[in-house]
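In: sequence first, predicted model second:
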Amino acid sequence: GAVVSQHPSRVICKSGTSVKIECRSLDFQATTMFWYRQFPKQSLMLMATSNEGSKATYEQGVEKDKFLINHASLTLSTLTVTSAHPEDSSFYICSARKTGTGATTDTQYFGPGTRLTVL
Amino acid sequence: GQSLEQPSEVTAVEGAIVQINCTYQTSGFYGLSWYQQHDGGAPTFLSYNALDGLEETGRFSSFLSRSDSYGYLLLQELQMKDSASYFCAVRDQRNYGQNFVFGPGTRLSVLP
């Protein structure tokens, strides 16, 4: 199988603080990890693509200075929400693509998500 | 860019068959995927079609017609646990075709 974990699963913080979310691929190496945000009853919106050893690629409209992404190893990517505000409250989900997978297959594995609430 | 359309809601009874359609517009095509997401949970992969035709996996089947930019997910012998949101997704040609764009989702309610 392919298991992706996220930590923490739920976090509540005060406005202005920073929150770090970890995404780990537990039994495979992931050159590429993806970070999504999902608001209630809405679809998943890709925030950024995290490539191991290089800078993340952010989607249009996503502030790279606010959502810091680090992909320091083949099994770990982190998303840091800096100076969080109530409008950043959302469900953040990471996914990982198995290294070596051909371009014709779909092998994106999702973490369980992190629910962030900013007071 | 990419855009996908799905019905927002579908309701059916246990034991029935339901079809969830997805139409897409894409500048490059690497296949159509389907994901299931229960409330509060993460999406789980259901199926993937790169070529035209029907793919069957147990009670779930997925169909693709590339010429029509259309696909559907077919759920048979519906069970209460199938109540969830279902998303179709296509792969964006950026980042070597690795990025996914998700449809708006279809909320399936299965009634007893």
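Out: Arrived safely, thanks for sending.

In: how close does the residue positioned nearest the centre of chain A get to residue B:90?
Out: Centroid-nearest residue in chain A: residue A:35, 3.2 Å away (criterion: Cα atoms, centre = their mean). Look at residue A:35 and residue B:90: by Cβ to Cβ, to the nearest Å, they are 19 Å apart. Where you see a C-beta, it was placed from the backbone N, CA and C, and this is true even at glycine.

In: residues from chain A in reach of chain B?
Out: For chain A, the residues in contact with chain B (Cβ under 8 Å from any Cβ of the partner chain) are A:32, A:34, A:41-46, A:49, A:51, A:57, A:93, A:97, A:103-106, A:108-113, A:115.

In: beta partners of the residue nearest to the centre of chain A?
Out: Beta-bridge partners recorded for residue A:35 (DSSP bridges): residue A:48, residue A:94.

In: ok, residue B:63 next?
Out: Counting by DSSP bridges, residue B:63 is bridged to residue B:54, residue B:72.

In: what pairs with the lowest-mean-pLDDT helix or strand in chain A, and is each one parallel or antiparallel?
Out: Within chain A, no helix or strand scores below strand A:108-110, which has a mean of 86 by mean pLDDT, DSSP states H and E. In the sheet, strand A:108-110 lines up against strand A:90-97 (antiparallel) (DSSP bridges).

In: now chain A, which segments are flagged as low pLDDT?
Out: Applying pLDDT under 70 to chain A flags residues A:1, A:99-107.

In: let's go with 50 and repeat that
Out: A:103-104 (pLDDT under 50).

In: list phi and psi for the closest residue to chain A within chain B.
Out: Closest contact between chain B and chain A, by Cβ to the nearest Cβ, is at residue B:48 (3.8 Å). Main-chain torsions, residue B:48, degrees, to the nearest 10: phi -150, psi 130.

In: what bridges to it?
Out: Beta-bridge partners for residue B:48, by DSSP bridges, are residue B:33.

In: got it, and residue A:90?
Out: On the basis of DSSP bridges, residue A:90 is bridged to residue A:116.

In: distance check, it against residue B:65.
Out: From residue A:90 over to residue B:65 (counting by Cβ to Cβ), the distance is 35 Å.

In: kindly report the same for residue B:27.
Out: Distance, residue B:27 to residue B:65, using Cβ to Cβ: 18 Å.

In: ditto for residue B:14
Out: According to Cβ to Cβ, residue B:14 and residue B:65 sit 29 Å apart.
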